[in-house]
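Colleague: A predicted structure for the sequence below; I have some questions about it.
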Amino acid sequence: MGRALLARVPNLGWSVSATTRDRRPDEVDGTDYHFVTRGQFEQSRDAGGFLESFEVYGQLKGTPREPVEARLAAGEDVLLEIDVQGALAVKDQYPDALMIFLQAPNPETQQARLRERGSDDSEQIRRRLATAAAEEALADRFDAVVVNDDLERAVGEVAAILGERRRRTSPGGLS
C-alpha cells in the first residue's frame with residue numbers, strides 16, 4: 001500500500017521503520033526496514049531516537065525520530081506504516097496527525113495473505129489474527145477506516161482522504 005500511495009501522492013515522504021527481526025529474502029535494508037541488532041535498537045530507543053517503539057511478536061520495532069522530524073520541518077507530509085499501538089503513541093505526540101486504519105476485508109482474506117507471505121507458521125498466523133481482531137476494536141480512534149479489499153481502490157481512497165486533509169490544512173504532517 002505504501003509504495004503505491006507514494007507513487008500517486010506528490011510531496012509525501014516515507015518513514016522507514018527499524019526492526020530487530022531478521023530480514024526476509026525479498027527485503028532491502030534501509031528501504032523496507034532498518035534491520036538492526038537488539039543492542040543498537042535499545043541504545044537508540046534509550047536516547048530518545050524513536051517516535052514510537054514497541055516489542056511485537058518478540059521483536060522490537062520503531063519509527064526513527066530524526067528523519068520524520070526533518071521532513072516535517074521541511075513542510076512535507078510523512079507516511080508511517082505502523083501498527084495500532086504505534087499509531088496511538090504517535091497521535092499522543094502529534095495530535096493533528098491523520099490516522100487511517102487499514103482493514104482486511106475479512107479474517108479469511110487476512111489469513112490467506114499471511115500464508116502467502118510465507119514467513120509465519122500456523123501458530124504465528126493465529127496470534128497475528130487475534131491481534132488484528134483486537135486492533136480492529138480500536139479502529140474508531142482513527143480518523144478514517146479503509147478496507148483493503150482491492151489495492152488500487154484502497155490506495156485511491158487513502159489518497160482522496162489525504163487530499164481532502166491537505167485542502168483543509170497545509171502540508172507538513174503525519175499520515
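Modeller: Yep, that arrived.
Colleague: and G58, how far is that from R3?
Modeller: Shown here: G58 relative to R3, a distance of 27 Å by Cβ to Cβ, to the nearest Å. Every residue, glycine included, has its C-beta placed from N, CA and C.
Colleague: Compare these two (neighbour count), which wins?
Modeller: Taking neighbours as other Cβ atoms under 10 Å, G58 and R3 compare with R3 leading, 13 against 8.
Colleague: Just list what the helix or strand encompassing Q85 packs against, helices and strands only.
Modeller: For Q85, the host element (DSSP states H and E) is helix 84-93. When contacts are defined as 3 or more Cβ pairs under 8 Å, 6 or more residues apart in numbering; DSSP states H and E, helix 84-93 packs onto strand 50-56, strand 59-64.
Colleague: buried sites along the longest one?
Modeller: What it means is strand 50-56. Buried residues in strand 50-56, counting neighbours by 16 or more other Cβ atoms under 10 Å, are found at 50-53, 56.
Colleague: what's the answer for stretch 111-127, then?
Modeller: Here stretch 111-127 shows 111, 114, 125 as buried, counting by 16+ other Cβ under 10 Å.
Colleague: one step back: format the buried residues of strand 50-56 as JSON lines; extra columns: distance to I100 and pLDDT.
Modeller: JSON lines is the format used below for these (distance: Cβ to Cβ, whole Å; pLDDT from 0 to 100):
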{"residue": "F50", "distance to I100": "21", "pLDDT": "98"}
{"residue": "L51", "distance to I100": "17", "pLDDT": "97"}
{"residue": "E52", "distance to I100": "16", "pLDDT": "98"}
{"residue": "S53", "distance to I100": "21", "pLDDT": "98"}
{"residue": "V56", "distance to I100": "20", "pLDDT": "90"}
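Colleague: could you dump the residues you listed to TSV with distance to R168?
Modeller: TSV is the format used below for those (distance: Cβ to Cβ, whole Å):
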residue	distance to R168
F50	29
L51	24
E52	25
S53	31
V56	33
